[in-house]
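1. Model the following, please.
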Amino acid sequence: MSVVKADFAVPDGDALLCTLCPFLCRLAPGQAGRCRVRRREGDRLVTETFVTAASHWHPVERKPLYHYHPGMSVLTLAAPGCTFTCGYCQNWRVSQVGRVAGAGAAVSPVDPAAIVAEAAACGGGIALSYAEPALAAELTLALAAHARPASVPMMWKTNGFLTDTALDRLLPALDAVNVDLKAADEPSHRALTGAPLAPVLTAMRRLVMGGLWVEVSTPLLPGFNDDERSVRTMARVVAGLGPEVPWHLLRFQPEFRWKDRGPAGRRDRGAARGLRSRGHRADALRLSLRGARRAAPRRRCRSRGGAERTGERRGRPGPCRGSPAQPRSAR
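-> A predicted model of the protein is given here:
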């Protein structure tokens, strides 16, 4: 796999410290970080994420971003690697590259200027999804350098596991993000992802305070976070971000190491719908428990140019490569 020089690295004695994610890997020559896609070569850090395993046009709702440019088509890229090791990952062949036997996908180099030109010609946006876009920080910055002058929106579907140093540089490059909130407490989050929860919560707050359009997604995992207590705890986290932050509760699909677990059941639906019946904002909560699109009530949405408008979502034919598919979570 081709590599390019990476940013977000500082000397630390004889080691090179990667400052992109909170693991803060100290790397000796030839050593890879925990993500497996960033490593030290000599005195420099390199990354394998200036490539994509996909280049697809999707409706923006599939990220899912249901209240940001509703109906807009988005050119979605997938750089390999992830900072998490979730056992249910639907895209493990891309996200777990270098960790798991059988992981890996054909990738192609990315020409940022060409990608932005394609998106601009189609009146669409650009998203990084499927794996963890934070690991493609250099690609994101390169795309944004072309996207800003062309007024092409930049989006992430992310786990939010970033350092403050990384956020300082990346916030100005992004317009909208959907962040995964996977667990209600530190022990559960570590057991599921292999990473602490606190940096994710900090990043979510910073993304909102930074003026980005933020939506939150939670996969309801049977026997893990689908009980009413866990759902309520996560609901308080989302509510604390502000009343305009939508929350997507996503149906679990058996995949990867969790193939033996059944899909979402009545317990999931009851816990989620109980939030509505007890006064949580219905227009900020979207259920995807049957894998089908559920229309939300009218609410404030971010329209083109960043202004807010009130209106229902309207899917319309995509400007490139056919019409939008039925929206579902891209991760």
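2. And the strands in the stretch 1-150 of the chain?
-> Remark: strands assigned in the stretch 1-150 of the chain by DSSP state E, counting those that start in this stretch are 4-5, 9-12, 15-18, 26-27, 38-41, 44-47, 51-52, 55-59, 73-77, 108-109, 125-128.
3. What lies in contact with the fourth one?
-> The set of residues that contact strand 26-27 without belonging to it, under CB atoms under 8 Å, 6 or more residues apart in numbering, is 12, 15-18, 33, 39-40, 45. C-beta here means a position set from N, CA and C on the backbone, and glycine is covered the same way.
4. can you rerun that using 6 Å?
-> Under the contact criterion CB atoms under 6 Å, 6 or more residues apart in numbering, strand 26-27 has outside partners 12, 15-17, 40.
5. partners of it, with directions?
-> Strand 26-27 has these partner strands in its sheet, going by DSSP bridges: strand 15-18 (antiparallel).
6. Mind listing what's buried along the strand it pairs with?
-> Of the residues in strand 15-18, 16, 18 count as buried by neighbour count, 16 or more other CB atoms under 10 Å.
7. Using CSV, write down the CA coordinates of that strand.
-> What follows is the C-alpha trace of strand 15-18 in CSV, where atoms were taken according to Å, rounded to 0.1, in the frame of the first residue of the first chain:
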residue,chain,number,x,y,z
ALA,A,15,10.7,8.1,19.8
LEU,A,16,8.3,9.8,17.5
LEU,A,17,5.0,10.7,19.1
CYS,A,18,1.8,10.5,17.0
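8. residues making contact with that strand?
-> 9-10, 25-27, 33, 38, 40, 45.
9. Now pLDDT too, for these, in CSV please.
-> Putting the contacts of strand 15-18 into CSV (pLDDT from 0 to 100) gives the following:
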residue, pLDDT
Ala9, 97
Val10, 97
Cys25, 98
Arg26, 98
Leu27, 98
Gly33, 97
Arg38, 97
Arg40, 98
Leu45, 98
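10. Narrow those to those that are buried.
-> 9, 25, 27, 33, 38, 40, 45.
11. most packed of the strands of the stretch 1-150 of the chain?
-> Sort the strands of the stretch 1-150 of the chain by mean neighbour count, taking mean count of other CB atoms under 10 Å, and strand 125-128 sits at the top with a mean of 26.
12. got the contact list for the longest strand belonging to the chain?
-> Of all segments of type strand in the chain, defined using DSSP state E, the longest is strand 213-220. Counting by CB under 6 Å, 6+ apart, the neighbours of strand 213-220 from elsewhere in the structure are 65, 68, 176-181, 207-208, 226, 234, 238, 245-250, 252, 264, 268, 302.
13. Tell me which of those residues fall in strands.
-> Mapping the contacts of strand 213-220 onto strands (DSSP E) picks out 176-180, 247-250, 302.
14. Just put the residues you listed in TSV and tack on neighbour count.
-> Shown next, in TSV, are the ones in strands among the contacts of strand 213-220 (neighbours: other CB atoms under 10 Å):
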residue	neighbour count
Ala176	24
Val177	28
Asn178	26
Val179	26
Asp180	24
Trp247	23
His248	23
Leu249	25
Leu250	22
Arg302	20
